[in-house]
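Participant: Pasting the sequence and the predicted model now:
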Amino acid sequence: MEQKKLAIIATKGSLDWAYPPFILGSTAAALGYEVEIFFTFYGLQLLKKNLDLKVTPLGNPGMPMPGGMEKWMPVLVTALPGMEAIMTSMMKKQMASKGVASIEELRELCQEADVRFIACNMTVELFDMQPSDFIDGIELAGAARFFEFAGEADICMYI
């Protein structure tokens, strides 16, 4: 029986959007899937050596908040200066209290499980990034390279 394949496109570079590609990728690898994650546009932030990811409360009305604040706090309040830092701090404390692994730990787990990380070469050039900005073990390639894998994948996800 041929090994199943999972292809993920990671386009978001915030703390809350960093978890899905790494959790799904590491879980699929543990289940025996061959996994490749294509990081493009803001998703490239997830491959940086020094992560400084923030939560994106603005435009995210589904985000649960402590004490049910989401029921009475207007979305407009999330646009106030300092709210991003407050929400990021709250999210990190909540994750730590529940024993959720950090992005760095999940990213490392993926690499240990042979999940391939592909950085979109066009986007790297577009944003004037350097390969030295990224962790070791990634491949720089274009969308055509990713489609070689994704075209044969059993599951494709866009995150």
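Facilitator: Yep, it's here.
Participant: Every contact and neighbour count from this point should use C-alpha atoms.
Facilitator: Fine.
Participant: Could you pull up the residues touching the residue nearest the centre of the chain?
Facilitator: Taking C-alpha atoms, centre = their mean as the criterion, Ala18 is the residue nearest the geometric centre of the chain, at 2.7 Å. Taking C-alpha atoms under 8 Å, 6 or more residues apart in numbering, we find Ala18 in contact with Lys12, Gly43, Leu46, Ile103.
Participant: and the last one, how many neighbours?
Facilitator: Residues within reach of Ile103, counting by other C-alpha atoms under 10 Å, total 18.
Participant: same thing with Gly99?
Facilitator: Gly99: 9 neighbours (other C-alpha under 10 Å).
Participant: sorry, back to before: shouldn't the residue nearest to the centre of the chain be within a strand?
Facilitator: No: secondary structure of Ala18 (DSSP: H, G, I helix; E, B strand; the rest coil): helix, not part of a strand.
Participant: Roughly how far does it sit from Gly151?
Facilitator: 24 Å (C-alpha to C-alpha, to the nearest Å).
Participant: One more: Leu140?
Facilitator: 19 Å.
Participant: Repeat that for Ser89.
Facilitator: 40 Å.
Participant: Can you pull the poorly scored residue ranges out of this protein?
Facilitator: When residues are selected by pLDDT under 70, those of the chain lie in 57-84.
Participant: all strands for it, in order.
Facilitator: Residue ranges of the strands in the chain, as given by DSSP state E, are 5-10, 34-39, 116-120, 138-141, 155-158.
Participant: Remind me what the last one packs against, helices and strands.
Facilitator: Helices and strands touching strand 155-158, as assessed by 3 or more C-alpha pairs under 8 Å, 6 or more residues apart in numbering; DSSP states H and E, comprise strand 5-10.
Participant: which outside residues touch the strand it packs on?
Facilitator: Counting by C-alpha under 8 Å, 6+ apart, 21, 25, 28, 33-40, 43, 149-150, 152-159 sit against strand 5-10.
Participant: Alpha carbons only: can I get it in CSV?
Facilitator: Only the C-alpha atoms of strand 5-10 are listed here, as CSV (Å, rounded to 0.1, in the frame of the first residue of the first chain):
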residue,chain,number,x,y,z
LYS,A,5,0.3,12.3,1.5
LEU,A,6,-0.8,15.6,3.1
ALA,A,7,-0.1,18.9,1.4
ILE,A,8,-0.6,22.1,3.4
ILE,A,9,-0.4,25.7,2.2
ALA,A,10,0.4,28.0,5.2
